[in-house]
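Novice: sequence unavailable; structure follows:
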């Protein structure tokens, strides 16, 4: 999908992609800093037309901003927050591309600062509620601990956590993977807890590694493609989706995982655009 210049104009494009190629605190497989560029590269192979929604989402305009750079996890949230705030103040919808999951803290903070009635929905294999990890409160394992300081959260796909995180879990706002696979009504129950506006953070290890192996900390028992799409479509229909991120793509030479991530980004835009037309 090679967009013509009229759909890449920063003044008129509704969606601004902010790459954040940061990978300093990941503790298993490194390489998430290559995720944004790899996702954007394979997105050139996407078709403009989305069959499911019968729409051409890119006509809303998609502009790719200059990447955010940072060396230390403690400086990253402020830098991402400032850049995301500028996108929101321009009336655009920010799409953050990581990088490790710690890049989401600043963008979620910016959305929570800009919108009073915001819920942050997390798709992830890990609860990420540690207060500190490896000496930093901004480690990728602490993402949701930092975000919930600014906004209510909902968590889905979780299947890995440390026992120390249990005291920070809200049982009514977490949807564990093993429960999801047994509960056909879980999406409607999650969406019933949304506020007027939602920011969505998608750690790609939410997917089962059988369909997306190229991530830093894969866990068995994850979500499948159509389950995730149904959830995102429901969120877009029940709440105003004001921004989202896709993180933890860890390229390994295969095209399948980056293509899934790129298609997920485009499908999310399609759902936002379709919901806005209703």
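Specialist: On my side now, so go ahead. Quick caveat: nothing in here was measured; it's all calculated off a predicted structure.

Novice: phi first, then psi, for residue 134.
Specialist: Here is the backbone geometry of residue 134 (degrees, to the nearest 10): phi 50, psi 40.

Novice: got a pLDDT number for it?
Specialist: Residue 134 carries a pLDDT value of 82.

Novice: neighbours of it, how many?
Specialist: A count of neighbours around residue 134, defined by other C-beta atoms under 10 Å, yields 12. The C-beta positions use only the backbone N, C-alpha and C, and glycine is treated the same way.

Novice: any weak-confidence spans in this protein?
Specialist: 1-2, 25, 27 (pLDDT under 70).

Novice: can you give me the helices in it?
Specialist: 35-42, 76-89, 104-114, 143-147, 177-180, 186-191, 225-238, 256-277 (DSSP state H).

Novice: in the shortest one, what's buried?
Specialist: Right, the one you point to is helix 177-180. 177, 180 (16 or more other C-beta atoms under 10 Å).

Novice: again, but for the second one
Specialist: Judged by neighbour count (16+ other C-beta under 10 Å), helix 76-89 contains these buried residues: 76, 77, 79, 80, 81, 83, 84, 85, 87, 88.

Novice: distance check, the first one against residue 109.
Specialist: As judged by C-beta to C-beta, to the nearest Å, residue 76 and residue 109 stand 11 Å apart.

Novice: over to residue 252?
Specialist: From residue 252 to residue 109 the distance is 31 Å (C-beta to C-beta).

Novice: neighbour count winner among these two?
Specialist: More neighbours surround residue 109 than the other of residue 252 and residue 109, with 23 against 15 (other C-beta under 10 Å).

Novice: OK, contacts around the spatially closest residue to the more buried one that is not a sequence neighbour?
Specialist: With sequence-adjacent residues excluded and distances taken as C-beta to C-beta, 6 or more residues apart in numbering, residue 109 is closest to residue 81, at 4.9 Å. By C-beta atoms under 8 Å, 6 or more residues apart in numbering, the contact set of residue 81 is 106, 107, 109, 110, 113.
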